[in-house]
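# Quick one: sequence plus predicted model below, questions after.
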Amino acid sequence: MCIVIDARMISGQKTGDRTFALGILRGLAQTLADDGIEIVVVLQNQTGARLIPKHPAFRVEVQPGLPGPLWMPLTFPRLLSRLDADVALVNYLGPFRAPCPLVTVVHDVVWRALPHSFPARDRLLLDRFLPGTLRRAAAVVTVSEFSRGEIIKYFGVPRGKIHIVPNAADERFHPVEDAAEMAQLRDRYGLPEKFVLNLGVIHPRKNVNGLIRAYTALPEAVREQYGLVITGRHGWGEALPATLTGSVGPGSVCFTGYVPDEDLPALYSAATAFAYPSLYEGFGIPPLEAMACGTPVVASNVASLPDVVGDAALMVDPRSTESIRDGLEQILGDAELRARLREAGFERVKQFSWRSSAERMLAVLRSAARD
């Protein structure tokens, strides 16, 4: 059986879609036996090729050329025919016609739930073409029960057609305790000795400005001990205070910019707590990564996050500055609570693995190919 995976997002910077694609590929590399399955991983350029796991069943197909909106309807069907594909896995949008069954991954529908958080052009593209992809797809994959409910709510897809394949924290996320490595990390990014960390693409639904307001509302005695570190690349539509660029130390808010994957385990491990007051998540991988590194988590009580973190995080209302502030004050002021959440986080992370998710994905793809 030939499975073709559209993995062009792997060549870009870290996003949830990219993390999911890489995680599934790594899980498949652990799962696949010599049973006649070929996985063709389609990339736009060679940038992401080094990230693809080595496995006898994997083959990389680099397909440069037309931009995404044209590549999918024009180039991809011809590629599927040439490869004699039995099933294809796409991200959100698929071709109008394909020579094999399609399975599409829809991580969330944030552009419908929070239209202000998405560029108008992208909303128009998804609203125009996603309904057709959902109708034509043999199966739809999403990452949480919450997202399945949202797809049903906004697009009327039958529940039985939607399969849940959750995200996970990669195995490389674990507590980093090497003193020299941690000292180098602090010097590289100008980190304060104690700090609350927030990580992710910075745009409105991540609620970074809400977190900053909550932090600055903390009692001065708390802010004198702990800084706030904002990490991530700038997305669309979120303006951050100019003071973020030069302010480092206890009682300050500092912005590191994008941090490469290899530095993330140490960054999580260096933080006293991880704060993720997002307004909307289809899943929310960073809280799991933080837990895997032994960092206690403050997370939103909305969307998918309660199901992801369970009772292993301190939950807050992301629309309330007071609630976020109280959560930060509680977790920073209570060492026993941090210790309890640290241990609960280690246990929670065990409930998710890329191997298990890859097995679920492979079952969906096999079923779609037979149908």
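Now that the structure is in, tell me what you want to look at.

# what's the burial count for A312?
Here the number of neighbours of A312 (other C-beta atoms under 10 Å) works out to 23. For every residue, glycine as well, the C-beta is placed using N, CA and C.

# do the same with E171
Residues lying near E171 (other C-beta under 10 Å) number 12.

# Could you do M291 as well?
Counted by other C-beta under 10 Å, the residues lying close to M291 total 29.

# Go ahead and name everything in contact with stretch 91-98.
6, 9, 17, 21, 72-73, 76-77, 80, 88, 102, 104-106, 125-126, 129-130, 132-133, 136-137 (C-beta atoms under 8 Å, 6 or more residues apart in numbering).

# which of the residues in the helix or strand L185 falls within are buried?
L185 belongs to helix 179-189 when elements are defined using DSSP states H and E. Buried residues in helix 179-189, defined by neighbour count with 16 or more other C-beta atoms under 10 Å: M182, L185, R186, Y189.

# thought the third one was touching A270?
Yes: counting by C-beta atoms under 8 Å, A270 is a contact partner of R186 at 6.9 Å.

# Just the contacts of stretch 91-98: which are in strands?
Among the contacts of stretch 91-98, DSSP state E puts D6, A88, L102, T104, V105 in strands.

# pretty sure R366 is touching D35, no?
No: here R366 does not reach D35: they are 10.5 Å apart, not a contact under C-beta under 8 Å.

# neighbour-wise, which of the two wins?
Between R366 and D35, counting by other C-beta under 10 Å, R366 is the more crowded of the two (15 against 7).

# For the strand or helix carrying that one, name the packing helices and strands.
R366 belongs to helix 354-370 when assigned by DSSP H and E. Helix 354-370 makes packing contacts with helix 16-31, strand 87-91, strand 102-105, strand 139-142, strand 162-164 when contacts are defined by 3 or more C-beta pairs under 8 Å, 6 or more residues apart in numbering; DSSP states H and E.

# Mind listing what's buried along stretch 9-25?
Within stretch 9-25, the residues that count as buried by 16+ other C-beta under 10 Å are 9-11, 14-25.

# for the residues you listed, which one is nearest G284?
Checking the buried residues of stretch 9-25 against G284 with C-beta to C-beta, the nearest one is G16 at 8.3 Å.

# Am I right that that closest one is in contact with F283?
Yes: between G16 and F283 there is a contact under C-beta under 8 Å: 6.9 Å.

# list residues touching both of those two?
Residues touching both G16 and F283 (C-beta under 8 Å, 6+ apart) are H107, N167.

# among the helices and strands of this protein, which has the poorest mean pLDDT?
Of all helical and strand segments in the chain, the minimum by mean pLDDT, DSSP states H and E falls on helix 68-70, at a mean of 69.

# which ones are touching the residue of the chain positioned farthest from its centre?
Largest separation from the mean C-alpha position in the chain: A221, at 34.2 Å (C-alpha atoms, centre = their mean). Not one residue lies near A221 by C-beta under 8 Å, 6+ apart.

# Any quick PyMOL command for the buried ones out of the contacts of stretch 91-98?
What follows is the PyMOL syntax selecting those of the contacts of stretch 91-98 that are buried according to 16+ other C-beta under 10 Å:
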select buried, resi 6+9+17+21+72+73+76+77+80+88+102+104+105+106+125+126+129+130+133+137
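
# Restrict stretch 159-179 to CA atoms and write it as CSV.
C-alpha atoms of stretch 159-179 as CSV (Å, rounded to 0.1, in the frame of the first residue of the first chain):
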residue,chain,number,x,y,z
ARG,A,159,-19.5,12.4,14.1
GLY,A,160,-18.5,8.9,12.8
LYS,A,161,-16.5,10.4,10.0
ILE,A,162,-14.2,12.3,12.4
HIS,A,163,-11.4,10.4,14.1
ILE,A,164,-9.3,11.7,17.0
VAL,A,165,-5.5,11.4,16.8
PRO,A,166,-4.1,13.5,19.7
ASN,A,167,-0.8,15.3,19.8
ALA,A,168,1.9,14.4,22.3
ALA,A,169,5.1,15.7,23.7
ASP,A,170,8.2,14.4,21.9
GLU,A,171,10.5,12.1,23.8
ARG,A,172,13.3,14.8,23.8
PHE,A,173,11.3,16.9,26.3
HIS,A,174,12.6,16.0,29.8
PRO,A,175,14.0,17.9,32.7
VAL,A,176,17.4,19.4,31.9
GLU,A,177,19.6,19.6,35.0
ASP,A,178,23.0,20.2,33.6
ALA,A,179,24.3,23.4,35.3
